[in-house]
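Undergrad: Give the three-dimensional model of this entry:
(one chain, ligands or ions: 1)
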Amino acid sequence: MGRRLEYGPMGSGAVTAAGGGSVSDLADIIASLTREVADFPTAGVEFKDLTPLFADRRGLAAVTDALAGLASGADLIAGIDARGFLIGGALATRLGTGVLAIRKGGKLPPPVRTEQYQLEYGAACLEIPAEGIELAGRSVVIVDDVLATGGTVSAAHRLLEGAGARVTTAAVVLELVALGGRERLAPLPVHSLRRI
Ligand code: AMP
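TA: From the prediction side, this is the model:
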């Protein structure tokens, strides 16, 4: 369970954990505002719920600032359903780009482009509209909350490249290193704000 944070005035950089310890860097802020839930959504998975991080005004600002530094130069941000939408929208606004919502299967009206993938806990598919958005030649950064096995980002990558986009980077808030997502996605550059 994350620690409660108490912040100093906006812009002071002073961030103090409720327990008294200093948590001055971004990884510690993310850790402090992550809710860890055992055996969700299935037995054996430790779910990292970043809802408290995104609901915290300084947490969201810190994450958005850091990702903006990593994604500069993109002309479109692609956020993965559903928590990637939150980061993607904030990031696109900060960078002055548009945001493309990469939806889970069955949410978009036809025609759609579809890619199947495996999750840490099951199978699924991702979709984008097959018309109405020009992706050919666009420089796109994919964003999501958590990188686990990399299957989701890999499917998003295939989907975008299949539409002619050039995916330059994948950027996530939290990387579960032992699950090997970074290696699976190579040579696509992957940036994460916290690794565990
Ligand atoms: P993967 O395709 O295995 O990299 O899984 C990443 C996607 O599933 C992201 O969209 C995450 O939101 C979600 N996810 C997978 N594992 C976890 C986890 N342990 N905690 C939170 N979200 C997860």
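Undergrad: So what touches the longest helix seen in the chain?
TA: As assigned by DSSP state H, the longest helix anywhere in the chain is helix 57-71. The contact list for helix 57-71, computed with C-beta atoms under 8 Å, 6 or more residues apart in numbering, reads 5, 7, 10, 15, 26, 29-30, 33, 52-54, 77, 87, 90-91, 94-95, 141, 143, 169, 171, 173, 191, 193. Where C-beta positions appear, they are placed from N, C-alpha and C, glycine not excepted.
Undergrad: repeat that with 7 Å
TA: 7, 26, 29, 33, 53-54, 77, 87, 90-91, 94-95, 141, 143, 169, 171, 173, 191, 193 (C-beta atoms under 7 Å, 6 or more residues apart in numbering).
Undergrad: tell me the strands in the chain, going along the chain?
TA: 5-7, 15-17, 35-38, 46-49, 76-80, 98-104, 112-119, 122-129, 139-147, 166-175, 190-195 (DSSP state E).
Undergrad: Mind putting these into a markdown table with distance to the ligand, mean neighbour count and mean pLDDT?
TA: As requested, the strands of the chain are exported to a markdown table (distance: least, C-beta to the nearest ligand atom, whole Å; neighbours: other C-beta atoms under 10 Å; pLDDT from 0 to 100):
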| stretch | distance to the ligand | mean neighbour count | mean pLDDT |
| --- | --- | --- | --- |
| strand 5-7 | 20 | 16 | 34 |
| strand 15-17 | 22 | 17 | 35 |
| strand 35-38 | 8 | 12 | 98 |
| strand 46-49 | 4 | 16 | 97 |
| strand 76-80 | 5 | 26 | 98 |
| strand 98-104 | 10 | 19 | 98 |
| strand 112-119 | 5 | 16 | 90 |
| strand 122-129 | 9 | 17 | 92 |
| strand 139-147 | 4 | 25 | 98 |
| strand 166-175 | 8 | 22 | 98 |
| strand 190-195 | 11 | 18 | 97 |
